[in-house]
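K.L.:
A predicted structure for the sequence below; I have some questions about it.
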Amino acid sequence: MLNTHAMSTRGQGGHFDGRPAELLLRLGSDSTGRRGQAGELLAEAVALLKASETQLRPRLAVMYRCGLSVEALELVREGWAVLAFDETPTPAPQTALLTLDSADIEDAVLPTADLIYTAASLPFRPYEDFAALWARIVRALQPGGWFVGYLLGDRDSWADDPDATTLAHDQVLRLLNGFRIEALREREKDISSSAGWIHSHTLSVIARRGRRGID
């Protein structure tokens, strides 16, 4: 069983709290997307994708709760079309390749994507919402498309939070059934925070949806 809780992650008006940004700070990046460990995960995924690609067609990336981030702009510079969901999108530079959307990704119509990047946002919802969103992500990915994001481990200090879903290593492997795992790193350490010392347990994921003939 997953470590799950019954309460919703949404506050008034359907907005999410600031924990994804706090987790990015833990991972070495702030909420504006300045590169640290969090940004490097996406850069690693794009490098792997480049090495494996056989077509030069335009590619589409869907980014969740990233807004006008360094990562989104770098993908645009690489020639990607980017659809970035954020509850409070920042005004974007004029470009046909970048679209910012304030819709909730759970309710939005997701286009078929080559890459979906959720940064640190996916764990902060109860299991029912987490499972439903994960199913939508899988359906939206092209066969051979890539998922990149962070998950919370079951020994994290937030594991007892009533608004979070945390996963043990073997549960992550089951979640990624049907994917080819390109990178899965588990990190666990005690860190100092504004609330004192906490135990950080995270899993970084780069995985490619299976398609006939390659997996």
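P.N.:
Now that the structure is in, tell me what you want to look at. Numbering: from 1, shown residues only.

K.L.:
quick one: the helices in this protein, in order.
P.N.:
Applying DSSP state H to the chain gives helices spanning 19-27, 37-52, 70-77, 127-140, 169-175.

K.L.:
now find how far off-centre the fourth one is within its chain.
P.N.:
Read it as helix 127-140. Distance, stretch centre to chain centre, for helix 127-140: 12 Å (CA atoms, centre = their mean, to the nearest Å).

K.L.:
nearest to residue 87, out of the helices of the chain?
P.N.:
Nearest to residue 87 among the helices of the chain is helix 19-27 (10.7 Å), distances taken as CB to CB. For the C-beta atoms, the positions are set from N, CA and C on the backbone; glycine is no exception.

K.L.:
show the average pLDDT along the closest one.
P.N.:
Averaged across helix 19-27, pLDDT comes to 74.

K.L.:
among the helices of the chain, show the one with the smallest mean pLDDT.
P.N.:
Minimum mean pLDDT among these: helix 19-27, a mean of 74.

K.L.:
tell me the angle that one makes with helix 37-52.
P.N.:
Going by axes from the mean of the first three to the mean of the last three CA atoms, to 10 degrees, helix 19-27 is angled at 80 degrees with respect to helix 37-52.

K.L.:
can the helices of the chain go into TSV with extra columns for mean neighbour count and distance to residue 98?
P.N.:
Formatted as TSV, the helices of the chain follow (neighbours: other CB atoms under 10 Å; distance: least, CB to CB, whole Å):
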stretch	mean neighbour count	distance to residue 98
helix 19-27	20	20
helix 37-52	17	15
helix 70-77	20	5
helix 127-140	16	18
helix 169-175	14	30
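
K.L.:
quick one: closest of the ones you listed to residue 193.
P.N.:
Among the helices of the chain, the nearest to residue 193 by CB to CB is helix 19-27 (7.8 Å).
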